[in-house]
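[1] A predicted structure for the sequence below; I have some questions about it.
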Amino acid sequence: MNRIIGILIAGTHARGRRIGLWLVAFVVLMFGATWIVAEQVSLNMRVETQRSLTGYERLRANVLSTFDEMDRRLVQPACSPAFLDELRRIAFLPDGINELLYAPDGRVECSVNSGRLDAPEDLGEPDIAAQYPFGMAFWVDIDLGFLGLDGMVGILAQRGSLAMIVPPQPLPATGPRWMEQELIFRFSDEVWLHRQGEAGLYAEALSATGPAIASVFRGVFYETACDSGGIHCVASRSDLTQLFGLGWATLAVILLVTSVLAAWVAQQLHRIIERYWSFEARFLRRLDKGSVVCAYQPLLNLKNDLATGCEVLARWRDIDGTIVPPDRFLPIIERHGLTERFTSMVVAYAYADLTAYLPKGLRLQVNFNIFPQDLDAGKLVPIFAPFLTKDSPFDVVVEIVETAEISPETAQVEIERLRAAGLKVYIDDFGAGYSSMQNLAALSIDGVKLDRSFAMAPDHSVMSTMLGYAIDLVQASGRSLVVEGVETMDRLNALKATGMVNFAQGYGISRPLFIAPFVAYLADHGPRPLTRPRLVA
Ligand SMILES: Nc1nc2c(ncn2[C@@H]2O[C@@H]3COP(=O)(O)O[C@H]4[C@@H](O)[C@H](n5cnc6c(=O)[nH]c(N)nc65)O[C@@H]4COP(=O)(O)O[C@H]3[C@H]2O)c(=O)[nH]1
């Protein structure tokens with residue numbers, strides 16, 4: 001899952017993502033187009049198959065109307081000359097049926113063309129017994145020799161005592177060339193007789209069930225239909241090669257249109273994904289869901305060489321578990337006016353961490369960064385309240401950065417109110433940005449943190465030379481001094497040698513650590529926790 005999310009959010013995978021989306025869109029659209037085409041082919045086949053049956057519907061109607069006519073007109077005694085005369089008149093009707101018989105209980109006694117038979121012809125059991133809705137029984141392919149039609153076979157239909165020879169009805173010769181067909185004469189669901197066309201196709205079609213789209217994967221389309229009597233049925237088959245051969249130009253157009261459409265859909269999807277999975281969207285979506293975590297960078301007290309404090313540095317855990325540094329998300333927080341809420345989260349997280357992990361009896365200075373726009377004791381004091389209780393083992397320092405938007409007068413008022421509430425205030429990144437010597441003197445701050453560019457500067461560079469002057473300057477102001485960005489032991493020793501720096505912070509001492517390694521660090525480099533309660537005077 002993380003892998004998939006990683007692909008979705010990584011900027012480096014944009015090209016692969018586009019291709020993947022195009023493929024998905026292409027397959028889905030192709031599937032949709034195939035589905036529509038398959039339904040269309042099926043529909044056409046259904047229509048054509050039904051069309052093939054129209055002759056049989058007509059035939060059935062003729063047979064039934066002839067039976068009705070016989071029932072109505074035959075009044076003379078059976079097989080009498082007058083009866084045969086009546087029969088002949090009916091045979092002359094223009095319905096194509098002209099061999100009419102009298103055949104009670106399947107025994108033919110007379111017919112239009114043969115007159116009264118010398119002896120009744122017993123036809124035996126019918127192939128299809130008389131059934132609803134037409135009440136007709138059928139003898140299929142019986143030898144018509146007894147009617148003087150030697151060597152001929154035919155279908156005999158019987159209703160009541162009357163019967164007729166059903167004229168053969170071939171499949172239309174002009175069926176579509178992309179379809180093969182079989183005509184069957186159906187006795188029951190399981191038994192039928194091949195009459196014409198591709199033998200075995202009807203059975204094949206019955207076994208091929210499923211939706212039209214399944215036919216595409218099978219490569220063959222089938223369709224069956226029966227006349228309304230369920231006696232004549234036609235099965236049709238068409239395979240993909242036949243269809244493609246017929247419509248290759250259409251296929252090419254479908255492929256082209258689908259490719260272009262897929263590119264457009266992929267583009268839209270990509271936009272949506274980019275919007276939804278953009279860093280900013282992910283960050284805002286997950287901000288409240290425990291995704292903000294804290295790292296603690298030890299502050300080394302140069303007076304006793306012990307780590308007696310830390311700076312709390314916010315981190316954000318991305319959806320794939322990646323830990324993101326603050327320079328990526330702080331601008332988002334500021335842009336969306338979430339500064340106060342974010343500081344609250346960081347403070348609450350750090351308080352829970354530190355109280356849960358720190359050994360009892362250990363006193364710790366905890367430095368927090370605040371946003372300059374939140375420099376308002378009315379907002380900040382409630383946020384830091386958990387750290388400010390009477391028996392709290394923490395000394396909280398808020399580090400503020402000077403900005404053009406805050407006047408020294410406003411800053412001074414707020415700093416005093418923060419200090420009155422028990423917070424210490426340091427100016428952060430002194431020597432960079434808007435910090436000024438005037439403010440150093442005017443503001444009633446507790447300390448100053450030198451911008452890390454001083455300590456990180458290479459030996460003998462202008463900045464490293466200025467480090468000494470900056471230390472002198474802060475020393476002269478009487479403020480506590482923190483030098484951050486200390487990356488080497490030489491620099492650390494040099495700072496110690498000045499005797500003017502209170503705290504040092506930097507990768508040379510320790511990188512920012514999560515709580516468990518931080519507590520382990522303190523166990524090695526921090527003060528011993530007090531084991532006995534302090535006596536209070
Ligand atoms: N190259 C180098 N870097 C060192 C060294 N020692 C410390 N650093 C880095 O310098 C930054 C020190 O914090 P900062 O100046 O307050 O600068 C912080 C601070 O201004 C801001 N920030 C971090 N957490 C918070 C927060 O919870 N609230 C607010 N408002 N700002 C925060 O983000 C800035 C960057 O924080 P990080 O990326 O954690 O970067 C940290 C730390 O990892 C070193 O020896 N070499």
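    Yep, that arrived. Numbering: from 1, shown residues only.
[2] the residue nearest to H232 when sequence neighbours are not counted is in what secondary structure piece?
    Distances taken as Cβ to Cβ, 6 or more residues apart in numbering put Y56 closest to H232, at 3.8 Å, once the chain neighbours are dropped. (C-beta placed from N, C-alpha, C; glycine too.) Assessed by DSSP states H and E, Y56 sits inside helix 54-73.
[3] contacting residues around that helix?
    With contact meaning Cβ atoms under 8 Å, 6 or more residues apart in numbering, helix 54-73 is reached by 86-87, 89-90, 93, 95-97, 100, 134, 136, 157, 159-160, 162, 164, 166-167, 169, 172, 227-229, 231-232.
[4] among the residues you listed, name the buried ones.
    Buried by 16 or more other Cβ atoms under 10 Å: 86-87, 90, 95, 97, 100, 134, 136, 157, 159, 162, 164, 166, 169, 227, 229, 231-232, out of those.
[5] what pLDDT, on average, does stretch 465-479 get?
    Mean pLDDT, stretch 465-479: 91.
[6] correct me if wrong: L123 contacts E109.
    No. If you go by Cβ atoms under 8 Å, L123 and E109 don't touch, sitting 11.5 Å apart.
[7] show me the common contact partners of these two, please.
    With Cβ under 8 Å, 6+ apart as the test, L123 and E109 both reach A103.
[8] those two: who's more crowded?
    Between L123 and E109, counting by other Cβ atoms under 10 Å, L123 is the more crowded of the two (20 against 16).
[9] contacting residues around that one?
    With the criterion set at Cβ under 8 Å, 6+ apart, L123 makes contact with 103, 106-108, 139, 142, 156.
[10] and those, which are buried?
    103, 106, 108, 139, 142, 156.
[11] still on that earlier bit, for the contacts of L123, which two are the farthest from each other?
    The most widely separated members of the contacts of L123, counting by Cβ to Cβ, are R107 and I142 (13.2 Å).
[12] got the phi and psi for the residue nearest to I155 when sequence neighbours are not counted?
    Distance criterion Cβ to Cβ, 6+ apart; nearest residue to I155, sequence neighbours excluded, is V166 at 4.4 Å. With angles defined as degrees, to the nearest 10, V166 sits at phi -80, psi 120.
[13] and the pLDDT for V166?
    On the pLDDT scale, V166 is placed at 91.
[14] isn't it up against A157?
    Yes. Shown here, V166 and A157 form a contact pair, counting by Cβ under 8 Å, at 5.2 Å.
[15] spell out which residues of this structure are next to the ligand.
    Contacts of the chain with the ligand, taken as Cβ under 6 Å from any ligand atom, map to 297, 313-314, 325-327, 330, 346, 369-371, 399, 428-429, 452, 456, 484-487, 505-507, 512.
[16] beyond the helix holding Y56, next helix or strand please.
    helix 81-91.
[17] just the C-alphas of that next one, formatted as PDB.
    These are the backbone C-alpha positions of helix 81-91, laid out as PDB (Å, rounded to 0.1, in the frame of the first residue of the first chain):
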ATOM      1  CA  PRO A  81     -66.800 -37.900 -51.900                       C
ATOM      2  CA  ALA A  82     -68.500 -34.800 -50.700                       C
ATOM      3  CA  PHE A  83     -66.000 -34.600 -47.800                       C
ATOM      4  CA  LEU A  84     -63.100 -35.000 -50.200                       C
ATOM      5  CA  ASP A  85     -64.700 -32.300 -52.400                       C
ATOM      6  CA  GLU A  86     -64.800 -30.000 -49.400                       C
ATOM      7  CA  LEU A  87     -61.200 -30.900 -48.600                       C
ATOM      8  CA  ARG A  88     -60.200 -30.100 -52.200                       C
ATOM      9  CA  ARG A  89     -61.800 -26.600 -52.000                       C
ATOM     10  CA  ILE A  90     -59.800 -25.800 -48.900                       C
ATOM     11  CA  ALA A  91     -56.600 -27.100 -50.600                       C
END
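[18] hmm, back to that, turn the buried ones among the contacts of L123 into a markdown table, including secondary structure, distance to F518 and pLDDT.
    Below are these laid out as a markdown table (DSSP: H, G, I helix; E, B strand; the rest coil; distance: Cβ to Cβ, whole Å; pLDDT from 0 to 100):
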| residue | secondary structure | distance to F518 | pLDDT |
| --- | --- | --- | --- |
| A103 | coil | 108 | 96 |
| G106 | helix | 104 | 92 |
| V108 | strand | 110 | 96 |
| W139 | strand | 100 | 93 |
| I142 | strand | 102 | 93 |
| L156 | strand | 102 | 94 |
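[19] from the residues you listed, pick the one nearest the ligand.
    Set against the ligand, the nearest of the buried ones among the contacts of L123 by Cβ to the nearest ligand atom is W139 (97.5 Å).
[20] doesn't L156 make contact with the closest one?
    Yes. When contacts are counted by Cβ under 8 Å, W139 is listed as touching L156 (4.4 Å).
[21] for the residue of the stretch 351-500 of the chain found nearest the ligand, which non-adjacent residue is closest in space?
    Ranking the residues of the stretch 351-500 of the chain by distance to the ligand (Cβ to the nearest ligand atom) places N369 first, at 3.4 Å. Distances taken as Cβ to Cβ, 6+ apart place E399 nearest to N369, at 5.2 Å, with adjacent residues excluded.
[22] what about the helix or strand E121 falls within, distance to the chain center?
    Using DSSP H and E, E121 sits within strand 115-122. Mean-position distance between strand 115-122 and its chain equals 78 Å (Cα atoms, centre = their mean, to the nearest Å).
[23] so the closest residue to A421 other than its chain neighbours, which state does it fall into?
    Using Cβ to Cβ, 6+ apart and skipping residues adjacent in sequence, the residue nearest A421 is V381, 4.5 Å away. Under DSSP: H, G, I helix; E, B strand; the rest coil, V381 falls in the helix class.
[24] and V381, what is it in contact with?
    388, 417-418, 421, 423 are the contacts of V381 under Cβ under 8 Å, 6+ apart.
[25] ok, of these, which come out buried?
    By neighbour count, with 16+ other Cβ under 10 Å, those hold 418, 423 as buried.
[26] out of the contacts of V381, what pair is the most spread apart?
    Pairwise across those, and taking Cβ to Cβ, the largest span is found between L388 and R417, at 13.0 Å.
[27] strands of the stretch 351-500 of the chain, residue ranges please.
    364-369, 394-400, 424-430, 447-450, 480-484 (DSSP state E, counting those that start in this stretch).
[28] most tightly surrounded among those?
    strand 447-450 (a mean of 26; mean count of other Cβ atoms under 10 Å).
[29] got the contact list for I406?
    Contacts of I406 by Cβ under 8 Å, 6+ apart are 372, 375.
[30] how distant is stretch 142-161 from the center of its chain?
    Put simply, stretch 142-161 sits 67 Å off its chain's centre (Cα atoms, centre = their mean).
[31] so which bits of it are buried?
    For stretch 142-161, a neighbour-count test (16+ other Cβ under 10 Å) marks 142, 144, 146-147, 154-159, 161 as buried.
[32] I am finished for the moment; much appreciated.
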